[in-house]
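S.K.: When you get a sec, could you give me coordinates for this:
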Amino acid sequence: MDVRSMLEKGRTSVASGYDSGLSAVLDRLGLESRRSAMDAVLPAIGIFAAGVTVGALLGVMFAPKRGSELRGDIRHKLDDLKESGVERYESIRARNLDEESIES
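M.R.: Next comes the predicted model:
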């Protein structure tokens, strides 16, 4: 066997078995750590929770009415919307029935 071919086989087996990239070398030396997906997700969740907390506190501090008054106002507005929706539905239904009776 030729010495040159033997050296070439050894070089290719070492090169294919060992990643010589900079990050791989640093990782093998323990100088570079791998980051997981949770390393990015947990800080984002923490920032979101802090934002929600600050928003809730500001909402309570600057609320123009007490909670029971505000809930009552919202309930009355929802009732008004419901009534206007029912009236609108009835008028559209009546119009469609009139158009069907004219076409027949």
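S.K.: Low-confidence stretches in this structure?
M.R.: Scanning the chain for pLDDT under 70 picks out 1, 13-23, 30, 32-34, 104.
S.K.: So it: which segments form each domain?
M.R.: Structural domains annotated on the chain: 36-64, 66-104, as defined by automatic domain parsing.
S.K.: so where's the longest helix in the protein?
M.R.: Scanning the chain for the helix with the most residues, using DSSP state H, yields helix 67-103.
S.K.: List the buried residues of it.
M.R.: By 16 or more other CB atoms under 10 Å, helix 67-103 has no buried positions at all. Every C-beta, even on glycine, is put in place using the N, C-alpha and C of the backbone.
S.K.: returning to that earlier point: can you tell which of the domains of the chain is closest to Leu7?
M.R.: domain 36-64 (40.6 Å; CB to CB).
S.K.: ok, Leu57 - how many residues close by?
M.R.: If you count neighbours by other CB atoms under 10 Å, Leu57 ends up with 10.
S.K.: Who are the packing partners of the one helix or strand it maps to?
M.R.: Using DSSP states H and E, Leu57 falls within helix 38-61. Packed against helix 38-61, as judged by 3 or more CB pairs under 8 Å, 6 or more residues apart in numbering; DSSP states H and E, are no other helices or strands.
S.K.: Just want the angle from that helix to helix 67-103.
M.R.: With axes from the mean of the first three to the mean of the last three CA atoms, to 10 degrees defining the directions, helix 38-61 sits at 100 degrees from helix 67-103.
S.K.: May I see the buried residues of helix 38-61?
M.R.: Buried residues in helix 38-61 (16+ other CB under 10 Å): none.
S.K.: could the domains of the chain go into CSV alongside distance to Met6?
M.R.: Output for those, formatted as CSV (distance: least, CB to CB, whole Å):
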stretch, distance to Met6
domain 36-64, 42
domain 66-104, 84
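S.K.: and Arg4, which of these is closest to it?
M.R.: Nearest of the domains of the chain to Arg4, taken as CB to CB: domain 36-64 at 45.3 Å.
S.K.: centre of the chain versus that closest one, how much separation?
M.R.: What separates the centre of domain 36-64 from the centre of its chain is 14 Å, taken as CA atoms, centre = their mean, to the nearest Å.
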